[in-house]
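K.L.:
Quick one: sequence and predicted model below, then my questions.
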Amino acid sequence: MTGAKETLRTQLGGNIRDNGMMLALLAIVFFFFVVVRAVQGVDFLSAQNITNLFLQNSYVIIMALGMLLVIVSGHIDLSVGSVAAFTGAIAATLMVNQHWPFWAVVPTVLVAGGLIGAAQGYWIAFWRIPSFIVTLAGMLVFRGLTLWLLAGQNIGPFPREFQALSTGFIPDIFGMDRPNMTAVAVVAVAILIIIWQNLKARNQDAAFGMDTGSSAVFWVKHALVAVALLFIGWKLASFRGLPNVLIVMSVLIVAYAFFTNQTTTGRRIYAVGGNEKAAKLSGIKTDRLVFLTFVNMGVLAALAGMIVTARLNSATPKAGVGFELDVIAAVFIGGASMSGGSGKVVGVVVGALIMGVMNNGMSIMGIGIDYQQVIKGLVLLAAVIFDVYNKNKQG
Amino acid sequence: MTAILEMREIGKSFPGVRALDRVDLTIEKGEIHAICGENGAGKSTLMKVLSGVYPHGTYEGEIVYEGRPMAFRSIRDSEAEGIIIIHQELALVPLLSIAENLFLGNEVAKNGVINWPLAFRRTEELLAKVGLNEAPGTPVEKLGVGKQQLVEIAKALAKHVKLLILDEPTAALQENDSQKLLDLMLELKAEGVTSIIISHKLNEIRRVADRVTVIRDGSTVSTLTKEEVTEERIIRDMVGRDMHNRYPAREPQIGEMLMEVKGWNVGHADQPRQMIKDAAFNVRRGEIVGIAGLMGSGRTELAMSLFGRSYGRFMSGEATIDGKVADLSSVTRAIDAGLAYVTEDRKVLGLILDEPITRNVTLANLAGVASGWVLGKGKEHAVAEDYRKALRIRTPGVHQRVVNLSGGNQQKVVLSKWLFTNPQVLILDEPTRGIDVGAKFEIYAIMNELAAQGRGIVMISSEMPELLGMCDRIFVMNEGRIVGELSREEASQERIMGLIIRDNGQQQDNGEKAA
C-alpha cells in the first residue's frame, strides 16, 4: 500500500455502489430540474413540489425499511400492498362505522398489522414454506378481505386528527409561520447530530486502530449532505413547514439504520441471510428472527396503510394495488442482494427516492403512464445490472 | 512411447497475480500421470488452460496434442479432441436420469428427436464398462457421490475420451469407493485411455500413477517416475523445503477429566432408525482425542447431536463438563457450557463467505463485542485483528471478505470464531480437509497450543496418519457405536481397521442369528 492515494482509492472504490446511487439520484433531480423548467416553465424544486415528493413517497420508504429486513434475511413479501389496503380499511371501519377515537385506532391497527405479519411469518419461519408462496397467498387473501370489509364501497371521510397523520404539518413554535423557523431549526439540529455522531464513531474506530480513510473525504461528504438537507429544510420552511409524515419517516429511517448497523439483532439478520446454516450453528435462533422480520413488516405495512388512507381521506378497495412492486424495486435499486445477506438502509431510501422523483418528474412533464412504467422498469434493470457488474469486477 | 500431450512454457496472469509461470508438462500416451501441488500452486488453472476454459490467446506458451498445436477456444473444442475434464464439483443434473445425464448436450437423437431405446442401450453398455450396476432411468440424485463419479466417467467415455483429467476425484469418496475408482482408472489405462489425476493423497498417487509432476508457485518443479516417487520427495518438492516432521512436536500435559459423554443415543431426524447407539467417550484437560471411523460411521452425527442437538432426534444420554451435567439442549446453551464445534464443511456450515473476516469472527459471540444491544465496531475490529496475528491468517486486512481467502486461512477464521467463545472443549470435524500441507502444519500447531492452554480437543478425521500423529487417545466408531479406545502407544492403522472390520463381522453374525 502506498500511502494516502491508495487508501483514498480503496475507500472510494469500496463505496462505488453507495456513492454511485447517490450521484444517480442527484443527476436525476438535476435532469428534471432543467427539463421541467425548459419544457413546462415550472420549478421542479419548488417548496410545494418538494413537500409533495415526501407526501407521495413516505409510505414506500416506510414499507421499504421493513422489506429490507425481509430481503436481507433471504425472503420476500409480496403481500404488503394488500396488507396496507386491509389495515387501512380496518382503520376506516373502526373510525367511521364504530366511531372509535383516533388515539385508539392507531395502536389497534398497528397490532393488527403485526398479527398479519405473524400469521404469514409463522408458516415461513417454522414450517419452511417458501415466503414467495405464503405471501402470494397473503396478497390474494388480504385483498379479498379488504373487498369484503369495505363491501366494495369507499369509507370516509375521517376526523381531522387522523388526516393529519399524512397531510398535517408541524406548526411553527416561533410563531413566524413563513418561513417556518421550527423547520429550519429542526433540520439544523439534525445536521449537527449527524456530524457529531459520525465524528464520534470515526474517532472510536481510529482509537481501535481501524483505517478510517481520509478526513477530507469525510468532511466533503458531510458538507454535501448538510447543504442538501439545509436546502430541503429551507424550501419546506418557506411553504408549510415540516410534514408530520416526514418526521415519522425520518425517525424510522434513523432507527432502522441504527438497528441494522449497530445492534446485535440487526447483525444476526444479515447472518441469517448470508448463510442460514452457519448462523444456526453459531447459536443464532434463525427461525425466530425470520418470524420477527415478518411481524415487523406487517406493522410497517399497517402504518403505511393508515398514511395512504389518511392521505386519500377514504379507504378504497383498490388502495395499495402494486405497492409491493414499488417497495421491492426500491430495495433492489438500493443495492440489496436477491439471495439475502446484504443491503443498506441508506441505499433503500435512495432507491425509493429515485423511483419517487422519477414518478413525480415524469408526471409533471405529462409523460403517459405507459412510458412511465417502461422507464421505471428499465431503471430497475439498469441498477441491478450495475450491481452485478461491479461485483464481478471486484471478484 | 510417444507423447500424447505437451504443454510448453505455459504462463497465465490474472490482474495482480501471476498464476502460472512457465509450466512444462509432458504426458505420454497411455500413462496415468499425477499432478501434485499445494492449493493455489496452479494445478486447476493449468487444467483450465488445457481444456479451453481460458481460451487460446489469454495465456502464453503452446499446447501440442497428438503432434498438432492446439488453440482451444472453449471446452467444446477440447472435448471434440477427446480431452475431457471431470471437476471436483460434479457437473451432473441431479433430477435427470443417468441416461439423460450421460448424453446431455450430446443426445442420441435424429433431427432433435431422442431415440430413447438406443440411448438406454448405450447407457447400459457404458455403465457396465465403469462397473456401475444401476438402471439407466435412475435419477442421479438417488446415487451416492462415488456412483455419481462413475457416471461422470461414463459420460466421458460416451464422448470417446482419449485424455481423461480427474480433479481430486477421491476427495469426497469413502475408502472403498476410492479404491473402485482407482481400479477403474487402471482398467481404462489397459484400454488405452490416458489419464491425468490431480490429487492430494500421496498413497493413491503411488498406487496408480506412472509418473508425477509437482507444481509449486505456478512452475513445474519436477517430474518423477514411479521408481523415484517417495512421500518425502513429493512433499519436499511441493512445499519447497524438507518436512521431516509433518506433525509439530508437543509435550502432552494431561490434566483432570474435562468432558465425559455417557450412554448417548440419537435417532434419525425423520426415520425410526437409531443413528448413534450408546456412545461414550471422554476428554481430559490438555488432551487431544481422536475419533476414527469410516465415512457414515456416525462421527459427525455424534458431534452435531452433542452440539445443541443440531443433528437428529435426541433420545437419551448425559454429558458432563468439569464434573457438572452440561445443558447442551440448544446451540447457545452448548456454547455457554464451554463447547465449540468446528464443522466439517466450512463453506456451507462454517462461514458467511460474502462477509468480512471481522463479522465471521464475532458471529458466535456478538455479546463479546457489544455493550447491551449495541455493537462496538472498533472492538470487533480489534478482536479480529488479534486473531489475525495470533493464528497468522494471511490476508490484506481483516475487512477482506472470507470468500477471497485460501482454504487454510478460511479454516483459521472458523477457528477464530470458536476461540472467541472461549470454549473448554473443541470438537474439530475434519479440520484439515482440503488444506495444503503447509497450512495443515499450522492448524496442527494451533491445536497443540490450545491443548497446552488446558482445553480439551476432540478431533474427527478420515485421515488415519493425521489421527495417529496428533492424538493422545483414539476412539474408533462404527455404525453409530464406539467400538474401541486405543492409547497413543496402542494405536496403529491396522488396529483401527481391525476394530472396524471385527465389529462389522459381529454385526453380520448377529444379523444372521436374528434371521
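P.N.:
Cool, got the structure.

K.L.:
For residue B:59, give me the backbone phi and psi.
P.N.:
phi -130, psi 170 (degrees, to the nearest 10).

K.L.:
brain fart, residue B:375
P.N.:
Torsion angles, degrees, to the nearest 10, at residue B:375: phi -70, psi 140.

K.L.:
burial count for residue B:403?
P.N.:
Using other Cβ atoms under 10 Å in any protein chain shown, residue B:403 is surrounded by 14 other residues. To be clear about C-beta, it is placed using only N, CA and C from the backbone, and glycine gets the same treatment.

K.L.:
Over to residue B:6?
P.N.:
The local packing of residue B:6 (other Cβ under 10 Å) involves 15 other residues.

K.L.:
where does chain B have low pLDDT?
P.N.:
Low-confidence segments of chain B, defined by pLDDT under 70: B:1, B:15-17, B:39-40, B:241-244, B:507-515.

K.L.:
Against residue A:212, how distant is the residue in it positioned nearest to chain A?
P.N.:
In chain B, the residue that lies nearest chain A is residue B:378 (3.2 Å; Cβ to the nearest Cβ). According to Cβ to Cβ, to the nearest Å, residue B:378 stands 10 Å off from residue A:212.

K.L.:
can you list residues touching both of those two?
P.N.:
residue A:205 (Cβ atoms under 8 Å, 6 or more residues apart in numbering or on different chains).

K.L.:
Now do the same for the residue lying closest to residue A:94 once chain neighbours are set aside: helix, strand or coil?
P.N.:
Take residue A:94 and drop its neighbours on the chain: the residue closest to it by Cβ to Cβ, 6 or more residues apart in numbering or on different chains is residue A:100, 4.4 Å away. Secondary structure state of residue A:100, per DSSP: H, G, I helix; E, B strand; the rest coil, is coil.

K.L.:
For residue A:100, grab the count of nearby residues.
P.N.:
There are 15 residues near residue A:100, going by other Cβ under 10 Å.

K.L.:
same question, the one 4 residues further on
P.N.:
Using other Cβ under 10 Å as the criterion, residue A:104 is surrounded by 12 other residues.

K.L.:
and residue A:49, what pLDDT?
P.N.:
pLDDT, residue A:49: 91.

K.L.:
Verify the contact between it and residue A:360 for me.
P.N.:
Yes - Residue A:49 sits in contact with residue A:360 when judged by Cβ atoms under 8 Å, with a separation of 7.1 Å.

K.L.:
so residue A:357 is in which element?
P.N.:
Assigned by DSSP states H and E, residue A:357 belongs to helix A:345-364.

K.L.:
Only the buried residues of the helix or strand following that helix, if you could.
P.N.:
Heading C-terminal from helix A:345-364, the first helix or strand you meet, by DSSP H and E, is helix A:369-394. Using 16 or more other Cβ atoms under 10 Å in any protein chain shown as the test for burial, helix A:369-394 gives A:372, A:376, A:379-380, A:383-384, A:386-387.

K.L.:
Also stretch B:258-275?
P.N.:
So, applying 16+ other Cβ under 10 Å, buried residues of stretch B:258-275: B:258-261, B:264-267, B:274-275.

K.L.:
and what of stretch B:354-369?
P.N.:
Result for stretch B:354-369 [16+ other Cβ under 10 Å]: buried residues B:354-366, B:369.

K.L.:
Start and end of it, how far apart?
P.N.:
21 Å (Cα to Cα, to the nearest Å).

K.L.:
quick one: is that stretch near chain A?
P.N.:
Yes - remark: stretch B:354-369 sits within contact range of chain A at B:354-355, B:359, B:363-364, B:366-367, by Cβ under 8 Å from any Cβ of the partner chain.

K.L.:
Residue numbers of the stretch 151-300 of chain A in contact with chain B?
P.N.:
So far as Cβ under 8 Å from any Cβ goes, the stretch 151-300 of chain A lies against chain B at A:201, A:204-205, A:207-211, A:261-265, A:267-268, A:270-271, A:274-275, A:277-285.

K.L.:
hmm, try it at 6 Å
P.N.:
When proximity is defined by Cβ under 6 Å from any Cβ of the partner chain, the stretch 151-300 of chain A lies next to chain B at A:204-205, A:208, A:210, A:262-264, A:271, A:274-275, A:277-278, A:281-283.

K.L.:
what's the burial count for residue 184?
P.N.:
As the question left the chain open, I've gone with chain A. 21.

K.L.:
Let me rephrase: I mean chain B.
P.N.:
Neighbour tally, residue B:184, other Cβ under 10 Å: 20.

K.L.:
List the buried residues in the helix or strand hosting it.
P.N.:
According to DSSP H and E, residue B:184 maps onto helix B:175-190. Buried residues in helix B:175-190, counted by 16+ other Cβ under 10 Å: B:177-178, B:180-182, B:184-185, B:188-189.

K.L.:
Now that helix - C-alpha only, PDB.
P.N.:
Coordinates of each C-alpha in helix B:175-190 appear next as PDB, following Å, rounded to 0.1, in the frame of the first residue of the first chain:
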ATOM      1  CA  GLU B 175     -12.300 -45.600   1.200                       C
ATOM      2  CA  ASN B 176     -13.800 -48.500  -0.800                       C
ATOM      3  CA  ASP B 177     -15.300 -46.100  -3.400                       C
ATOM      4  CA  SER B 178     -11.900 -44.600  -3.800                       C
ATOM      5  CA  GLN B 179     -10.400 -48.000  -4.400                       C
ATOM      6  CA  LYS B 180     -13.000 -48.800  -7.000                       C
ATOM      7  CA  LEU B 181     -12.300 -45.600  -8.800                       C
ATOM      8  CA  LEU B 182      -8.600 -46.100  -8.800                       C
ATOM      9  CA  ASP B 183      -9.100 -49.700 -10.100                       C
ATOM     10  CA  LEU B 184     -11.300 -48.200 -12.900                       C
ATOM     11  CA  MET B 185      -8.500 -45.800 -13.900                       C
ATOM     12  CA  LEU B 186      -6.200 -48.800 -14.200                       C
ATOM     13  CA  GLU B 187      -8.700 -50.600 -16.400                       C
ATOM     14  CA  LEU B 188      -9.200 -47.600 -18.600                       C
ATOM     15  CA  LYS B 189      -5.400 -47.400 -18.900                       C
ATOM     16  CA  ALA B 190      -5.400 -51.100 -20.100                       C
END
